[in-house]
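Student: I need the structure of the sequence given here:
(4 chains)
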There are 4 protein chains.
Amino acid sequence: MGKVRLEAFSDGVLAIIITIMVLGLRAPHSGQWSALRPLLPVFLSYVLSFVYIGIYWNNHHHLVHTVSRVGGGMLWANLHLLFWLSLFPFATGWMGENRFSPLPTALYGVVLMMAAIAWQILQRSIIAGHGSGSMLANAIGRDLKGKSSVAFYAVAIFAAFMSPWISRVLYVSVALLWLVPDRRIEKVVAERRN
Amino acid sequence: MGKVRLEAFSDGVLAIIITIMVLGLRAPHSGQWSALRPLLPVFLSYVLSFVYIGIYWNNHHHLVHTVSRVGGGMLWANLHLLFWLSLFPFATGWMGENRFSPLPTALYGVVLMMAAIAWQILQRSIIAGHGSGSMLANAIGRDLKGKSSVAFYAVAIFAAFMSPWISRVLYVSVALLWLVPDRRIEKVVAERRN
Amino acid sequence: MGKVRLEAFSDGVLAIIITIMVLGLRAPHSGQWSALRPLLPVFLSYVLSFVYIGIYWNNHHHLVHTVSRVGGGMLWANLHLLFWLSLFPFATGWMGENRFSPLPTALYGVVLMMAAIAWQILQRSIIAGHGSGSMLANAIGRDLKGKSSVAFYAVAIFAAFMSPWISRVLYVSVALLWLVPDRRIEKVVAERRN
Amino acid sequence: MGKVRLEAFSDGVLAIIITIMVLGLRAPHSGQWSALRPLLPVFLSYVLSFVYIGIYWNNHHHLVHTVSRVGGGMLWANLHLLFWLSLFPFATGWMGENRFSPLPTALYGVVLMMAAIAWQILQRSIIAGHGSGSMLANAIGRDLKGKSSVAFYAVAIFAAFMSPWISRVLYVSVALLWLVPDRRIEKVVAERRN
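Tutor: Next up is the predicted model:
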């Protein structure tokens, strides 16, 4: 029961985050092409963030599927993840409005990295509550994908001050890496059923 | 179970989209009639978009009803649809604030057309996951209504640059065409029950 | 099943409406008492609207409880009600920012009246789908409360142009009249159980 | 059933409150460090309020768990709590934008105190509906934690006009006091199961 409400609240917050990000795309007062052009970077950063929130929603779905007991620690680890995800609209809007300039591009990476670390903490709190032989512990193994994402974001943050292009390529690459839902959990779930 | 969460998340996003569109209708500082008049086109575009989101919510309800297995492809096809629908508040606000002038009217059509194409993709991903003899495949048949809507939007986009009136009439006409919930699915569901 | 989704979507929209209304209460740039004082009418109109949306949420809960079959007509009657309720943030903000001056006060009444009429239509569409001997038909009887509310709003709209005070008193009075959840439905539900 | 909807609606409102607070953190037009610095107090007040709403969500979860009958009084006591919580985005934004200056810091305390009082009223309305020997009545006992929080907020409100630092320390301290989910209810629930 606690699990259902955890999921429902997270879904609610993610649905709101993904939707209010579009408020950063303000309707210009003029109806000409020239008024639309400065919105292109804002639009592109919105697309990127939409994909990221979609990935988190998707994988959150798989993650919570492995949970059988919800404790206080897990609730706060989940809220901690939602906190960093709630900063996406701000980081997205700032990066878009400043045309992917160094500092906003780096800050976007900081939010991505903190969310990825919060994800790691949430995973650990679930494993801590279910034992090292649990479904999730088997599914993620050494979690190279999760850990390397954090490393990629760290590189992207520093690269932003040299060439923001490196950061942009890294943000898109990591998103593509995660776009596929986490087969590891699906696989272990399927195996357990047999 | 995955289906319930897919539906809940989509409902959440649609509920937020339909409600934040009204934020485009900003309360003027003056309390006179003259302050209200420029809001009329914004209000009219809001009504049109409210009806469209209502139609999508209604038909999404019918569509998900035919789903028995939720796969990764379907989740992303659904997020892709939500992405285009999330641009409704922007497109609606821009068209309304610029009094249905050519470019904003055309862009509104682009968002409508992309959402309609995303709907087609979502239908195909559901049929691909359930077989060509599935409930949905029988229900939509050759899907003339869906395909002709895309064509009407395409015509409306080009017509906007000649006479935005043609586009407005087309947008309202297609909305009326869809206002009735999709009887085809209801019919096939009823037949299967017998 | 359709009933659950109807309820969930309505709850979502009502939760968003009740919460985004507070966005009309913008944080002033100065931190002095003088900056807070002009917000008082905005705050009072927010309180009134919060109570009204609370009443609608409460009674919607009772209304849907009587539903056993959800048809297309009912879905659209429900969306029609949500449409008028979605204009609450605009009407509330406009009335508050213009310190309850005549025209905004009258427009607030128009939105209240249209929502009350939409409620009547929703009730009728439910009765039409369940028969005149249905639980709801027995519960509301001749529905004097619903019909007189519409009349009070109509009086308040015209009174706003003479003395907005009359309208304010009427809006608060009708809210008090409805603050108690609809005992009629509760009573009939209880009787049926015996 | 009424309990499920009460919980779902409250979750929806809390999810929206926690997310729209971040809209107070507006993306500056410049992409320099200097543009980011004035946002620091806004960010800090956002963190504090995020934790408070998280605490309320968490404890609301435990509180509703003790409910077996939902009456009209409880619904309105719950809406009354949501009303004060809905003022968090305003109070947070005003305190943050004015760098924790006296009056906004005091007003933040007023909203915290009113929400804490509304929580007490909600608890009492639940106990009133379930008897003094109920699960909740046993769990909270004399509720020293709840009552002392109200007292701390009252002290913080007055202290804000002397030294806002005292208020800040008090707000953070009370948050830390509540950060742990209410073990008292968990304990009584566990005892009843044995």
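
Student: quick one: the helices in chain A?
Tutor: A:2-20, A:33-36, A:40-65, A:72-86, A:88-97, A:102-130, A:135-140, A:144-159, A:164-179, A:183-193 (DSSP state H).

Student: so which residues on chain A come close to chain B?
Tutor: Residues of chain A that fall close to chain B, judged by CB under 8 Å from any CB of the partner chain: A:7-8, A:11-12, A:14-16, A:18-20, A:22-23, A:25-33, A:36, A:47, A:50, A:54, A:57-58, A:61, A:179-181. C-beta here means a position set from N, CA and C on the backbone, and glycine is covered the same way.

Student: of those, grab the buried ones for ChimeraX.
Tutor: The buried residues among those can be selected in ChimeraX (16 or more other CB atoms under 10 Å in any protein chain shown) with this line:
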select /A:7,8,11,12,14,15,16,18,19,20,22,23,25,27,28,31,36,50,54,57,58,61,181
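
Student: before we move on, the earlier item: and the helices of chain A, which is most packed in?
Tutor: helix A:88-97 (a mean of 26; mean count of other CB atoms under 10 Å in any protein chain shown).

Student: tell me the contacts of the closest residue to A:His61 other than its chain neighbours?
Tutor: Nearest residue to A:His61, sequence neighbours excluded (CB to CB, 6 or more residues apart in numbering or on different chains): B:Arg5, at 6.0 Å. B:Arg5 is in contact with A:Glu7, A:Asp11, A:His61, counting by CB atoms under 8 Å, 6 or more residues apart in numbering or on different chains.

Student: quick check: of those, which lies closest to chain C?
Tutor: Proximity of these to chain C (CB to the nearest CB) peaks at A:Asp11, which lies at 10.7 Å.

Student: separation between that closest one and chain D?
Tutor: Using CB to the nearest CB, to the nearest Å, A:Asp11 is found at 8 Å from chain D.

Student: export stretch A:147-156 to PDB, keeping only CA atoms.
Tutor: Provided in PDB are the C-alpha atoms of stretch A:147-156 (Å, rounded to 0.1, in the frame of the first residue of the first chain):
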ATOM      1  CA  LYS A 147      28.200   4.900 -12.100                       C
ATOM      2  CA  SER A 148      29.600   5.800 -15.600                       C
ATOM      3  CA  SER A 149      26.700   8.200 -16.100                       C
ATOM      4  CA  VAL A 150      27.800  10.100 -13.000                       C
ATOM      5  CA  ALA A 151      31.300  10.200 -14.300                       C
ATOM      6  CA  PHE A 152      30.200  11.400 -17.800                       C
ATOM      7  CA  TYR A 153      28.200  14.300 -16.100                       C
ATOM      8  CA  ALA A 154      31.300  15.300 -14.100                       C
ATOM      9  CA  VAL A 155      33.300  15.400 -17.300                       C
ATOM     10  CA  ALA A 156      30.600  17.400 -19.000                       C
END
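
Student: what comes into contact with it?
Tutor: A:105-106, A:109-110, A:112-113, A:116-117, A:120, A:166-167, A:170-171, A:173-174, A:177-178.

Student: same thing with stretch A:83-95?
Tutor: For stretch A:83-95, using CB under 8 Å, 6+ apart, the contacting residues are A:13-14, A:17, A:20-21, A:23-24, A:41-42, A:45-46, A:48-49, A:52-53, A:56, A:104-105, A:107-108, A:110-111, A:114-115, A:118, D:18-19, D:22-23, D:25, D:27-28, D:31, D:47, D:50.

Student: next one: A:Glu7, what pLDDT does it get?
Tutor: pLDDT, A:Glu7: 87.

Student: meant to ask about A:Gly2, not that
Tutor: 74.

Student: neighbours around the closest residue to it other than its chain neighbours, how many?
Tutor: Among residues not flanking A:Gly2 along the chain, A:Val70 sits closest, at 3.8 Å (CB to CB, 6+ apart). Using other CB atoms under 10 Å in any protein chain shown, A:Val70 has 20 neighbouring residues.

Student: and if you look at A:Arg37?
Tutor: Around A:Arg37 there are 10 residues (other CB under 10 Å).

Student: ok, A:Asp11 touching B:Asp11?
Tutor: No - A:Asp11 is not in contact with B:Asp11 according to CB atoms under 8 Å; the separation is 9.6 Å.

Student: which residues are in contact with A:Gly73?
Tutor: A:Gly73 neighbours (CB under 8 Å, 6+ apart): A:Ser125, A:Ala128, A:Gly129.

Student: I'd like the distance between the last one and chain C.
Tutor: Using CB to the nearest CB, one obtains 29 Å as the distance from A:Gly129 to chain C.

Student: how about that residue, nearest residue that isn't a chain neighbour?
Tutor: With CB to CB, 6+ apart, the residue lying closest to A:Gly129 is A:Gly71, at 5.3 Å.
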